[in-house]
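Student: sharing a model prediction with you, sequence too.
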Amino acid sequence: MRLFVGLDLPEDLRLTLGMLRDGINGARWVTPANFHITLRFIGECDRHQAADLDDALADIEAPAFDLAFDGVGSFASRGRLRAVWAGLESSGALQHLHDKVERATVRAGFAEEQRKFKPHVTLSRFKGTPEFAAQRFLEDHAGFTTQPFTVDRFVLFESTLGGEGAHYTPVAKYPLGTFDYDEDFFGDLAADYPEYADQDA
């Protein structure tokens, strides 16, 4: 299983972000169905490790909060674009949730994340495209903003790679603002690992 922890987005916001997908030669635009905010990339793990991670994430207590998009930006290396993204307003609540997810991930046995948290939604990816190719796009959309939306859960996703790119499937969902979660991840494991069958949802 190739996993990450993130936030999904309301459908209207996916459509709004999807309208930005134009104007850069060489861009591989992300489909709106795949738009998300990554809180913590996990990577490859087996089902026992996934169950330990689910346990740790289910223990997180944090309130729901509002977020809004604010501006666009890019990641580049050695003069070549890697990605163009939509950014978010500064949010102490988002940072608080990220920090709790990070601690839970480490408790579950995964190594600490060394990269600084930079919340964003990836709009496009690139391979070999010069950095200046995105300059006009970044200038045209520098004032991009949205109305706030409510974040009332975070999600454990499985990423499956295919010929047309990655496909993201929710594995478990964890509500914010309440301390019970609404999906029995262990139900999927019980057939192969009976020792998990008696765990509470």
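Tutor: Happy to help now that I have it. Numbers count the residues shown, from 1 in each chain.

Student: contacts, neighbours, all on C-alpha from now
Tutor: Noted.

Student: please enumerate the helices of the chain.
Tutor: Secondary structure of the chain (DSSP state H): helices located at 11-18, 47-58, 92-107, 135-140, 185-189.

Student: what angle separates the second one from helix 92-107?
Tutor: For helix 47-58 against helix 92-107, the angle by axes from the mean of the first three to the mean of the last three CA atoms, to 10 degrees is 140 degrees.

Student: what residue ranges in the protein score low on pLDDT?
Tutor: Low-confidence segments of the chain (pLDDT under 70): 163-164, 178-201.

Student: if we can go back for a sec, would you mind giving the helices of the chain as TSV with distance to Phe126 and mean neighbour count added?
Tutor: TSV is the format used below for the helices of the chain (distance: least, CA to CA, whole Å; neighbours: other CA atoms under 10 Å):
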stretch	distance to Phe126	mean neighbour count
helix 11-18	17	15
helix 47-58	31	19
helix 92-107	27	18
helix 135-140	14	14
helix 185-189	35	17
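
Student: would JSON lines of those helices with distance to Lys118 be doable?
Tutor: Converted to JSON lines, those look like this (distance: least, CA to CA, whole Å):
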{"stretch": "helix 11-18", "distance to Lys118": "18"}
{"stretch": "helix 47-58", "distance to Lys118": "20"}
{"stretch": "helix 92-107", "distance to Lys118": "10"}
{"stretch": "helix 135-140", "distance to Lys118": "18"}
{"stretch": "helix 185-189", "distance to Lys118": "28"}
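
Student: out of the ones you listed, which comes closest to Phe157?
Tutor: Nearest of the helices of the chain to Phe157, taken as CA to CA: helix 47-58 at 10.8 Å.

Student: one step back: among the helices of the chain, which comes closest to Leu123?
Tutor: helix 11-18 (7.8 Å).

Student: got a list of contacts for the closest one?
Tutor: The contact list for helix 11-18 (CA atoms under 8 Å, 6 or more residues apart in numbering) reads 31-33, 35, 86, 123.

Student: so what's the gap between that helix and the chain middle?
Tutor: 15 Å (CA atoms, centre = their mean, to the nearest Å).

Student: relative to Arg40, which of the helices of the chain is closest?
Tutor: Checking these against Arg40 by CA to CA gives helix 92-107 as the closest, at 6.8 Å.

Student: for that closest one, packing partners?
Tutor: strand 37-44, helix 47-58 (3 or more CA pairs under 8 Å, 6 or more residues apart in numbering; DSSP states H and E).

Student: turn the ones you listed into CSV, including distance to Arg21.
Tutor: Output for the helices and strands packed on helix 92-107, formatted as CSV (distance: least, CA to CA, whole Å):
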stretch, distance to Arg21
strand 37-44, 17
helix 47-58, 33
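
Student: any idea which residue sits dead centre in the protein?
Tutor: The centroid of the chain falls nearest to Thr38 when counting by CA atoms, centre = their mean (2.3 Å).
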